[in-house]
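[1] make a model of this:
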Amino acid sequence: MWISSLCDSTQKGKPDIELVDLSSRFNTINEIMEVTTKPIIFDGDTGGMIEHFVYAVRSLERMGVSAVIIEDKIGLKKNSLFGTEVEQTQDDIEHFCAKIKAGKNAQLTDDFMIIARIESLILEAGMDDALLRAKEYVKAGSDAIMIHSRKKDPREIYEFCDKFRSFDNKTPLVVVPTSFNEASEDELASHGVNIVIYANQLTRSAFLAM
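    Numbers count the residues shown, from 1 in each chain. The predicted model follows:
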């Protein structure tokens, strides 16, 4: 199950800018765990300061969450699907790798996963930048790579996945096909994708119902 920061913020009537603090978001996890035992992937936004991320990893692992995804952006967090239409700043590789390493060092078991989300395609930094970051994040200890795109078709995602798989056949790949939603799971899997997250779909359907 995907614990989305956008959905959590929206449910509380707040903007999706990391305004809802971790304690409140942890309460949401506890409420969900009262009614399901399914594995949970937590949307960790940017992960915040390295020192704060270490605390989050320890808390999430203790609560029984399976994984956290953090995106390589800094500053005021904005929804990725805005792309370059709003000001968004990508973290530098060295600093984000330090955050990954700190999170991995904070774990008590090997079961918890830290997944690095790459925003290079979203921010139009280019395919080469996305692939370079993927290599470095895996070296830093990331257990999986999430690649994001706001394009309406999946060609950009397929290109990244094919090129990534040319040098890494082991690290899991994660995608969120919110914008390129005509892509099937079989098509994504054929390009090496392991996990597909349908983010915010219950919230979107609830809007229509209401």
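[2] going forward, measure contacts between C-alpha atoms and count neighbours the same way
    OK.
[3] okay, now residue 151: neighbour count?
    By the measure other C-alpha atoms under 10 Å, the count of residues near residue 151 is 18.
[4] cool, and residue 129?
    By other C-alpha under 10 Å, 15 other residues sit near residue 129.
[5] can you classify it by secondary structure?
    helix (DSSP: H, G, I helix; E, B strand; the rest coil).
[6] try residue 169
    coil.
[7] rounded mean pLDDT for the one helix or strand residue 23 maps to, please.
    For residue 23, the element it lies in under DSSP states H and E is helix 22-33. Average pLDDT, helix 22-33: 91.
[8] and it, what other elements does it pack with?
    helix 50-63 (3 or more C-alpha pairs under 8 Å, 6 or more residues apart in numbering; DSSP states H and E).
[9] what are the contacting residues of the helix it packs on?
    The contact list for helix 50-63 (C-alpha atoms under 8 Å, 6 or more residues apart in numbering) reads 22, 26, 30, 47, 68, 98-99, 102-103, 106-108, 112.
[10] flag every buried residue along it.
    For helix 50-63, the neighbour count (16 or more other C-alpha atoms under 10 Å) marks 50, 53-54, 56-61 as buried.
[11] so, low pLDDT: which residues of this structure?
    Applying pLDDT under 70 to the chain flags the ranges 76-86, 201.
[12] what about the strands in the chain?
    Under the criterion DSSP state E, the chain contains strands at 2-3, 41-43, 67-71, 73-74, 89-90, 113-118, 144-147, 173-175, 195-196.
[13] which of the contacts of helix 50-63 sits closest to residue 136?
    residue 98 (10.7 Å; C-alpha to C-alpha).
[14] how close does that closest one sit to residue 141?
    Taking C-alpha to C-alpha, to the nearest Å as the measure, residue 98 and residue 141 are separated by 10 Å.
[15] tell me which of these two has more neighbours.
    The residue with more neighbours, out of residue 98 and residue 141, is residue 141; 20 against 15, by other C-alpha under 10 Å.
[16] measure that one to residue 13 for me?
    Taking C-alpha to C-alpha, one finds residue 141 at 35 Å from residue 13.
[17] and for residue 94?
    The gap separating residue 94 from residue 13 is 35 Å, by C-alpha to C-alpha.
[18] how close does the residue nearest the centre of the chain sit to residue 167?
    Centroid-nearest residue in the chain, with C-alpha atoms, centre = their mean: residue 69, separated by 3.7 Å. With distances taken as C-alpha to C-alpha, residue 69 is found 22 Å from residue 167.
[19] over to residue 155?
    19 Å.
[20] how about residue 34?
    For residue 34, the distance to residue 167 - C-alpha to C-alpha - is 41 Å.
[21] what sits closest to residue 164 if chain neighbours are left out?
    Spatial nearest neighbour of residue 164, excluding adjacent residues (C-alpha to C-alpha, 6 or more residues apart in numbering): residue 131 at 6.7 Å.
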